[in-house]
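>>> Show me the folded form of this:
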Amino acid sequence: MSTETKTVRYRAVSAGAFLSGIVGIDLFLNFFCAGFPLVIYLVVGGLGAWFGGACHDRLARASGGARFVRRVGAFLAFFSVCGIVAQFALPVNWETKCSWRYCGRAMGPGLLESPFPTGTPNCSAWHKCANEYPFTPVEYDSALRRMDRQGCDAP
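Numbers count the residues shown, from 1 in each chain. Take a look at the predicted model:
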């Protein structure tokens with residue numbers, strides 16, 4: 001395997017290892033009506049990729065410590081992938097007290113919103129969004145148009 005291929009692999013594993021902390025915290029924060037926006041995932045993944053590239057020479061050694069770090073990094077990257085798949089696969093419960101926080105995600109992807117999908121909100125969820133979420137005037141008008149297209153009454 002070429003050195004360039006190994007560097008890319010180390011960067012990917014390091015980015016996954018760094019993201020595993022954010023994914024774990026994000027899964028935990030779901031219980032407290034909080035979460036991380038996409039920009040945080042991008043910054044932390046970028047730091048992990050940079051760190052993995054910068055430490056390529058140290059991690060490529062055949063020593064026991066480097067082997068241990070590579071295995072821990074691979075485990076954390078695997079945890080990160082599993083957590084991200086769980087975030088994409090878990091359905092959003094629009095009937096909780098925290099469901100207002102999904103409103104920004106329901107409007108579409110954005111750097112300051114969580115990167116995970118929400119599905120299509122029902123009419124009561126759209127009403128909750130219109131009444132509780134701090135939309136900008138443009139976003140509020142867009143939410144009203146979506147509610148109209150879905151056949152929901154105005155809030």
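
>>> Next, the buried residues of whatever helix or strand Phe51 lives in.
Using DSSP states H and E, the element containing Phe51 is helix 38-54. Within helix 38-54, the residues scored as buried using 16 or more other Cβ atoms under 10 Å are Leu38, Ile40, Tyr41, Val44, Gly45, Gly48, Ala49, Phe51, Gly52. Where C-beta positions appear, they are placed from N, C-alpha and C, glycine not excepted.

>>> From these, pick the one nearest Thr136.
The shortest approach to Thr136 among those belongs to Leu38, at 17.9 Å (Cβ to Cβ).

>>> Correct me if wrong: the closest one contacts Glu113.
Yes. Proximity of Leu38 to Glu113 meets the contact threshold set by Cβ atoms under 8 Å, at 6.5 Å.

>>> quick one, helices of this protein?
3-29, 38-54, 56-59, 64-89, 103-107, 123-132, 137-150 (DSSP state H).

>>> Give the residue spans of this structure that score low on pLDDT.
Applying pLDDT under 70 to the chain picks out residues 1, 56-57.

>>> tell me, how many neighbours does the closest residue to Ser142 other than its chain neighbours end up with?
Among residues not flanking Ser142 along the chain, Met107 sits closest, at 6.5 Å (Cβ to Cβ, 6 or more residues apart in numbering). By the criterion of other Cβ atoms under 10 Å, Met107 has 19 neighbours.
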